[in-house]
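Novice: Generate a structure from the sequence data that follows.
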Amino acid sequence: MQVDQVIGARRVCGLEIAFAWERVVGAGNIYDVARASGLAEVYHLAKAFGLAKIFVLVTICLISLTSYQTAWAATGPETEMPISPETLKLAEKAALKTLQSLQNQLSEQMAKNLVTSIEYCHENAIPLTDDFRRDNPAVTAIKRTSLRLRNLKNKPTADEEAILKKWEALVAKGKPVPDFESKVFSADEVRYYKPLRVQAMCLTCHGQPGGELAQAIKSKFPMDRATGYKEGEFRGLIRISVKPQKVIEASAK
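Specialist: Numbering: from 1, shown residues only. The predicted model follows:
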């Protein structure tokens with residue numbers, strides 16, 4: 001959602017307040033407002049105690065609060081706002097460094113023993129994915145995920161699943177998947193999503209594994225759905241979460 005849409009939604013709140021006052025002054029009868037709001041009985045009680053004007057103010061405040069809640073629900077916490085080039089550059093670096101590190105580590109283990117490399121992957125793939133974050137305080141999370149999971153711990157969140165499905169729809173239509181997508185997820189978090197494609201080395205375990213290798217995969221990942229791929233196919237995404245304020249602080253040093 002664009003920033004102007006968010007601001008426009010918030011303006012609804014001010015309009016509701018104006019309309020409320022207009023109804024009170026224009027009608028010349030506070031009871032009409034109360035009746036229209038379904039609060040006639042409350043109004044009569046307030047009037048009996050000489051509190052009619054206070055009743056009107058409380059009603060308007062309630063209208064305002066409801067409008068703010070409605071506007072916020074419509075826009076949500078995720079808004080499309082400008083993201084600094086420095087933030088995007090850091091996120092891209094984190095994604096590429098993480099993927100390269102994983103490839104190097106897994107290639108080394110596969111060269112030693114293909115079957116036991118599955119156990120290594122089971123125990124170390126997620127911690128290895130998180131390595132870059134430990135030395136970069138601006139990067140708060142790194143995650144790989146897919147709609148066809150091997151490790152259920154990598155299950156996509158709602159926002160990740162939405163992007164995965166959008167990208168898979170593009171693939172199904174023969175359209176290119178973007179190099180990345182990014183969004184302001186909250187005041188403290190920018191999320192950067194980069195698509196993953198199957199590399200040649202990935203086919204050993206994600207293509208058509210058989211024999212002892214297939215048994216090892218089944219043993220460590222009994223719910224595995226990440227086989228049957230071909231080189232170059234869309235596999236999933238890597239998500240980098242960055243704290244913008246930390247990027248600004250680092251740039252200022």
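Novice: and Y193, that's in a strand?
Specialist: Yes - under DSSP: H, G, I helix; E, B strand; the rest coil, Y193 falls within a strand.
Novice: What residues does it make contact with?
Specialist: E160, I163, F180, E181, S182, L237, I238, R239, I240 (Cβ atoms under 8 Å, 6 or more residues apart in numbering). In this view, the C-beta of every residue, glycine as well, is placed from N, C-alpha and C.
Novice: at 7 Å instead, please
Specialist: Counting by Cβ atoms under 7 Å, 6 or more residues apart in numbering, Y193 touches I163, F180, E181, L237, R239.
Novice: With P222 as the reference, measure out to it.
Specialist: According to Cβ to Cβ, to the nearest Å, Y193 stands 28 Å off from P222.
Novice: Quick check: closest non-adjacent residue to V242.
Specialist: Counting by Cβ to Cβ, 6 or more residues apart in numbering, V190 is the residue found nearest to V242 once chain neighbours are left out, at 4.8 Å.
Novice: That neighbour: neighbour count?
Specialist: 24 (other Cβ atoms under 10 Å).
Novice: Equivalent analysis for V184, please.
Specialist: 19.
Novice: Could you measure from it over to W167?
Specialist: With Cβ to Cβ as the criterion, V184 and W167 are 20 Å apart.
Novice: Could you do T204 as well?
Specialist: 24 Å.
Novice: So these two - more neighbours on which side?
Specialist: For T204 and W167, the more surrounded residue by other Cβ under 10 Å is W167, and the numbers stand at 21 against 15.
Novice: Report the contact partners of that one.
Specialist: Contacts of W167 (Cβ under 7 Å, 6+ apart): V177, P195, F234.
Novice: what about the helices in the protein?
Specialist: Listed in chain order, the helices of the chain (DSSP state H) span 3-27, 30-36, 40-48, 52-75, 85-112, 116-129, 131-134, 158-172, 203-206, 211-220, 244-252.
Novice: follow-up on the earlier one: name the nearest of the contacts of W167 relative to T129.
Specialist: P195 (15.9 Å; Cβ to Cβ).
Novice: Can you pull out the low-pLDDT segments for the chain?
Specialist: 1-81, 253 (pLDDT under 70).
Novice: From what I see, L149 and P222 are in contact.
Specialist: No - between L149 and P222 there is no contact under Cβ atoms under 7 Å: 11.7 Å.
Novice: Which one of those two is surrounded by more residues?
Specialist: The neighbour comparison of L149 against P222 (other Cβ under 10 Å) goes to L149, with 17 against 8.
Novice: Next one: that one from A226, what distance?
Specialist: 6 Å.
Novice: now swap in L147 and tell me
Specialist: Distance from L147 to A226, by Cβ to Cβ: 10 Å.
Novice: out of these two, which sits in the more crowded spot?
Specialist: A226 (21 against 18).
Novice: and that one, what does it touch?
Specialist: S146, R148, L149, R150, H206.
Novice: Reformat those residues as CSV; add distance to R133.
Specialist: Listed next are these as CSV, based on distance: Cβ to Cβ, whole Å:
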residue, distance to R133
S146, 20
R148, 25
L149, 21
R150, 22
H206, 25
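Novice: Which pair in those residues has the greatest spatial separation?
Specialist: L149 and H206 (11.7 Å).
Novice: and the gap between the residue nearest to Q105 when sequence neighbours are not counted and G211?
Specialist: In space, and not counting its chain neighbours, Q105 is closest to L128: 5.8 Å by Cβ to Cβ, 6+ apart. Taking Cβ to Cβ as the measure, L128 falls 26 Å from G211.
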